[in-house]
Structures are given as structure tokens and as C-alpha cells.
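> What would the 3D arrangement of this be:
(chains A and B)
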Amino acid sequence: MAKAKITFQDIDQTVNVPAGTRVIEVSEKIGAGIVYGCREGDCGTCMMHVEEGWNNLTEPSVLEEKVLKENMAGRHDRLACQAQILGDCCVKPT
Amino acid sequence: MSSAVDVSSHRDAVEFADGVYWIGALDPTLRTFDIILSTANGTSYNAYLVKGQDGVAIIDTVKENFSDEFFARLESEVDYNEIKAIILNHLEPDHTGALPELMRRAPQAKLYISQRATSMLKALLKPSGDSFEYTTVNTDDRISLGDRTICFLHTPFLHWPDTQCSYLEEEGILFSGDIFGCHYCDKRLFNDLVGDFRFSFDYYYAHIMRPFKKHVMDALKLIEPLKLRQIAPTHGPILRERPRRYVTHYRELSTSSLSREIGVAEQSLVIFYMSSYGNTARMAEEINEGANDIEGVRVSLYDLEGGETGPFVDLIEEADALLFGSPTINGDAVKPVWDLLSSLAVVNLKGKLGGAFGSYGWSGEAVAMIEDRMRGLKMRIPQQGLRIKLIPTEDELLECRKFGKAIAEQMVGKKQQNPVIDMADLA
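Now for the predicted structure:
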């Protein structure tokens, strides 16, 4: 299975994950600082900033785009409960 | 100023500045608000009406079952076809209960809400099947009523994501939503006439605004530069006499008191524990020692048996990291730990570091359960919890020291370089 590396900048920790893993699945396990609310892409609590590898995450859905807009997301912000890891990237809490 | 104000004796609008009216409702018999708040003498739902040369603005409405009073006061001053703008500073049902009916009666009116309010508006209108056009507004956006202007202040999370304030520039009146509000029902309406509402004001802040202190500070940056003649919140007295002191008071309530006690560069780690045979207490003491070795971390150790929830919540609010120690009894952490961990809705825990430890005799579930609870409270758990079967040995006590040291190092950012790990190796 294809692998990818995700780095959680706030705790300086990199994890090898199978491609397709959602950020939420790994960030909590290693104690990264991204926090979660509804866990289903509605509340915007888990907004994270993608420092590197923006194109190595799955495209945001129309619904995620809407929630990001409502929560005044900045450039390269995503919802950690929605974004799936396709290649190497680096993220941090907003 | 007249001392004869009694809004309970009539259903007219009450003018409190030139062309600016209170059109709210009193709810004197309410004793519990929103399940969580005690309201010893009820509350009020304040809504406002502003007249301008080119039309009327309505600012917020009331709880649905008080709609008749709201509409009666509104009708005492204007016709529905004069309403140009409806401004919602906060969409909670106690302020939007009369909205669907108001929009039906004034279909020409434009609705102004914050960007974050859009999904809430849709959710609120779901049962009625209504769908209204709206305009989203942000800080510095303005609407004109001809000879007067209302501008908006983006003040989110006070106390919902959608909250905003609006400001009538010519009169210096801030319509502050729930900010500066309180559940205090008094027919005399104005802060210089009503009874002593200091307790209600502080109680409201403590339960509604306290978890959002950072957002309070952000909002104050927008509010403090304003010329403030009156503050008109959505609950409680209209603050027309020396309104700025309430702004100052909000700043005081939102300012850290711990930073006056310890250096700003220092971090606070608080360790709470319960112990039945002294083993978890022994662990707590060693963890305390280990954490104390790290410069820049001030450690406090508390036995939950000897304290009360309220002051412990105050400690937790200002701490940077929290550790909870509990023995496992019948497969669970002990009740005082849960009592404290279930009393934290009034403080912001997001991003604080957390950890758990405990001695056990049989299966030791408490540690993982406490960790799960802390994660649920949006805390970060950087170290796997420490479980020791019954009486700790010298080696195990050394592990406790290392655990305390590791947490403290995380706090000051001194931890070791982390090797890349594989997801399959994570628990």
C-alpha cells in the first residue's frame, strides 16, 4: 500500500501513514494539538493550517469548502476531520 | 432622568435616545435559563428599534412565546412597511423566536447577520420551512438609514460562533448582543434605576463569557475605541450611566491573575490526585519532583480529597498542563476526579497539555478513561499515561519522575528530537 509522511509541526512529529488516511485518524493518536468538535465536517473546530504539501491532501468537498468559508478560513486551511493524506505534508493547528 | 420607568405597566416602545427604542419583553418568573443558569428574578429579552430618515432598523427579537409583547411595542412606534433592516447580533432562539413572524410581516426588510450565522439561520428556520434572503456583514460594514448609520463589529464566540455587535454611530449606542448582558429582570430597565445587579452581571459573565476570554479580549479591542454613550445588551439593564465601566470590568474579568503571581515566561503545571492506600499519592509526589527539575515550570500538587471544585476550576483555567491521578476502583476512576472533569464547561481547555496516572490492583482502566475525557475536552495528551500495579517499586517511582519530567519538558519545548514513527505502531 502506498505510504505518505505527515508532520505535525506543533509537536515536531512525523508519522508514516497509508495513503488515504484522514488526518484525524493519526493526529489524536500521537497527541498533536489539532482539536476536534463534531468530527463530521460541520463545526469547523478542527481547522488546521497546511504548511507544506497542500496538493498532497484530497480536494475539499463542496461541503468542506462551505464550512471553511463560514469559519473564515485562511489560505491553505483545511478541516482535519475531512482531509485525507495522499502524499507528504506538514500541518499545524490554526 | 426619570425614576418612574415601569415597562411592565404598558406595551409601548420605550425611547432611550433620539429615535432609539427598547421593544423587548420581561420574563420575571423564569428561574432557570438554558438548563445551566439560575435566574433568581427572571430575565429580559431586549430588542431594539432605530428610526432613520430612510427607514427603520430592528435589532434582535425575543423568545418566541414573548412575541406578542415584542410586536405590540414595535407597532406602538412604526408600521411594518417602514422596516428597512433587521439585524441579528446573535441567533440563539431567545433572540430569534419572533424572527419568522417578523419577516412575514415585513417581507421588504433586509436581514443582516454575521458570516458564521448562516448555517444557524437555516437550522433555526428548518421547522417553519421559511427561507429568507440575508446579507452577511463583518467589521466596518455599515448600513445607512439616511441620517444615521449602523456599523458592525465582528465579535465571534461571545458566546456562540455567530455573535456580533452593531453600533449606532450618531448616538454612540452599542447593541452588544449577549456581551455585557445579564439575567436580571427589572421593569425600571436602566442601570441607574434598577436594583443591585452586580451579582447577576458577574454570574452571567462567569457562565457565559468565561470560556471565551480570549475572544472577549479581541472584542474589547474593537469596542474600547468607540465613543460609548450607552450599551444596549440583549439581556438585563440598558447601561446608560457610565457604560465604560462595564467595558473595563470585562477586561478585568478576562485578565489572567496567575500572571501576576508567576513570571510571564513560567508555565503552570497542576497535578490533582486521589489515593486510597497512598500509592497514587506516592506516584503524584514523584511526578511532582520530576517536573520540578525543569526550569520554567511551576508545579502545584493537590489532593482532591482536601479541596472543592470551584477553586480547582480556577486553577485549571490558568494552568498550561494538567495531570490527574486516580486509582481504579471497580473498573473506573474515582468520583472526585469525574466531578472535577465534569465541571470544566466554564473554562477554555483547548490545547492545554494533559496526562493521567494511577495505581491499580486489578485492571487499571482509570488512566485511559481520564485520558479519553481530556481528549474530549480538546486537550492534548503528549505522553501515554502511567499505570502501576499496587505499591510502586523504586524503579517504578523513577518512571514517575521521568513521566513528570517529560510532561514539563513538553511544556517548555525541550523534548528530544522525535524519530519518524509508523502509524501501525501507534496504539
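
> Now chain A against chain B: closest residue?
Across chain A, the shortest distance to chain B (CB to the nearest CB) belongs to residue A:35, at 3.8 Å. Where you see a C-beta, it was placed from the backbone N, CA and C, and this is true even at glycine.

> List phi and psi for that residue.
Residue A:35 has phi and psi values of phi -110, psi 160 when expressed as degrees, to the nearest 10.

> all helices of the chain, in order?
If you meant another chain, say so; for now it's chain A. A:23-27, A:62-70 (DSSP state H).

> you looked at the wrong chain, it should be chain B
With DSSP H, the ranges of helices along chain B come out as B:67-75, B:93-96, B:99-105, B:118-125, B:198-204, B:213-223, B:244-253, B:279-292, B:309-318, B:335-341, B:366-376, B:394-412.

> Could you list the buried residues of the last one?
Read that as helix B:394-412. Neighbour counts using 16 or more other CB atoms under 10 Å in any protein chain shown place B:396-397, B:399-401, B:403-411 of helix B:394-412 among the buried residues.

> The shortest one too?
Within helix B:93-96, the residues scored as buried using 16+ other CB under 10 Å are B:94, B:95, B:96.

> Kindly format the C-alpha coordinates of it as CSV.
The C-alpha trace of helix B:93-96 is given here as CSV (Å, rounded to 0.1, in the frame of the first residue of the first chain):
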residue,chain,number,x,y,z
PRO,B,93,-33.7,31.1,20.0
ASP,B,94,-34.2,33.6,22.9
HIS,B,95,-33.4,36.4,20.4
THR,B,96,-34.8,35.0,17.2
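
> quick one: average confidence on that helix?
What helix B:93-96 shows for mean pLDDT is 96.

> picking that back up, pick out the shakiest of the helices of chain B, pLDDT-wise.
helix B:118-125 (a mean of 88).

> contact partners of that one?
Counting by CB atoms under 8 Å, 6 or more residues apart in numbering or on different chains, helix B:118-125 makes contact with A:42, A:70, B:88, B:91, B:93, B:96, B:99-100, B:113, B:131-132, B:134, B:136, B:160-162, all of which sit outside it.

> And the residue of chain B that's closest to chain A?
residue B:378 (3.8 Å).

> With the flanking residues excluded, which residue is spatially nearest to that residue?
What sits nearest to residue B:378 in space, not counting adjacent residues and going by CB to CB, 6 or more residues apart in numbering or on different chains, is residue A:35, at 3.8 Å.

> Let me see the contact set for residue B:421.
Contacts of residue B:421 were listed using CB under 8 Å, 6+ apart, and they are A:13, A:14, A:15, A:16, A:30.

> out of the residues you listed, who's near chain B?
Residues of the contacts of residue B:421 in contact with chain B (CB under 8 Å from any CB of the partner chain): A:13, A:14, A:15, A:16, A:30.

> could those residues be laid out in CSV, adding distance to residue B:23?
What follows is the ones next to chain B among the contacts of residue B:421, written out as CSV (distance: CB to CB, whole Å):
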residue, distance to residue B:23
A:13, 56
A:14, 59
A:15, 57
A:16, 62
A:30, 54
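
> Neighbour-wise, which one of those leads?
Comparing the ones next to chain B among the contacts of residue B:421 on neighbour count, residue A:15 comes out first with 23 neighbours (neighbours: other CB atoms under 10 Å in any protein chain shown).

> how much space between residue A:79 and residue A:39?
When distance is defined by CB to CB, to the nearest Å, residue A:79 is 10 Å away from residue A:39.

> any idea of the pLDDT on the most centrally placed residue in chain A?
Nearest to the mean C-alpha position of chain A, by CA atoms, centre = their mean, lies residue A:80 at 3.3 Å. What the model reports for residue A:80 is a pLDDT of 97.

> do the one 4 residues further on as well
You'll see residue A:84 listed with a pLDDT of 97.

> Tell me how many other residues crowd the closest residue to it other than its chain neighbours.
The shortest distance from residue A:84 to any residue that is not its chain neighbour, by CB to CB, 6+ apart, is 4.2 Å, and that residue is residue A:58. Using other CB under 10 Å as the criterion, residue A:58 is surrounded by 14 other residues.

> any chance of the buried residues of helix B:93-96 in CSV, plus distance to residue A:64?
Listed next are the buried residues of helix B:93-96 as CSV, based on distance: CB to CB, whole Å:
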residue, distance to residue A:64
B:94, 31
B:95, 29
B:96, 27
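
> and which of the residues you listed is nearest residue B:276?
residue B:94 (45.8 Å; CB to CB).

> My read is that that closest one contacts residue B:63, right?
Yes: under the criterion of CB atoms under 8 Å, residue B:94 makes contact with residue B:63 at 4.4 Å.

> re earlier: what subset of the contacts of helix B:118-125 is buried?
In these, burial by neighbour count holds for A:42, A:70, B:88, B:91, B:96, B:99-100, B:113, B:132, B:134, B:136, B:160-162, counting by 16+ other CB under 10 Å.

> low pLDDT regions in the chain?
Because you didn't say which chain, this covers chain A. Nowhere does chain A drop to pLDDT under 70.

> Hmm, no, I was thinking of chain B.
Judged by pLDDT under 70, chain B has its weakly predicted residues at B:1-3, B:415-417, B:427.

> one more time with 50, if that's ok
Per-residue confidence of chain B (counting by pLDDT under 50) places the weak regions at B:1-2.

> What parts of it come near chain A?
Within chain B, the positions lying close to chain A (CB under 8 Å from any CB) are B:115-116, B:118-119, B:161, B:350-351, B:375, B:378, B:380-383, B:415, B:417-418, B:420-423, B:426-427.

> Contact partners for residue B:294?
Taking CB under 8 Å, 6+ apart as the definition of contact, the neighbours of residue B:294 are B:405, B:408, B:409, B:411, B:412, B:414.

> ditto for residue A:68
If a contact means CB under 8 Å, 6+ apart, then residue A:68 has A:44, A:47, A:60, A:77, A:78, A:79 as its contacts.

> and these, which are buried?
Among the contacts of residue A:68, the ones that count as buried by 16+ other CB under 10 Å are A:44, A:47, A:60, A:77, A:78, A:79.

> Touching, the second one and residue A:72? I think so.
In other words, residue A:47. No: the pair residue A:47 / residue A:72 is not scored as a contact, 9.5 Å apart, by CB under 8 Å.

> quick one on the thing from earlier: tell me which of the ones next to chain B among the contacts of residue B:421 is nearest to residue B:50?
The closest of the ones next to chain B among the contacts of residue B:421 to residue B:50 turns out to be residue A:30 (CB to CB; 53.0 Å).

> pretty sure that closest one is touching residue A:16, no?
No: at 11.7 Å, residue A:30 and residue A:16 do not qualify as touching, with contact defined as CB under 8 Å.

> Check the gap between residue A:71 and residue B:117 for me.
When distances are taken as CB to CB, residue A:71 and residue B:117 turn out to be 12 Å apart.

> same question but for residue B:244, I mixed them up
The gap separating residue B:244 from residue B:117 is 28 Å, by CB to CB.
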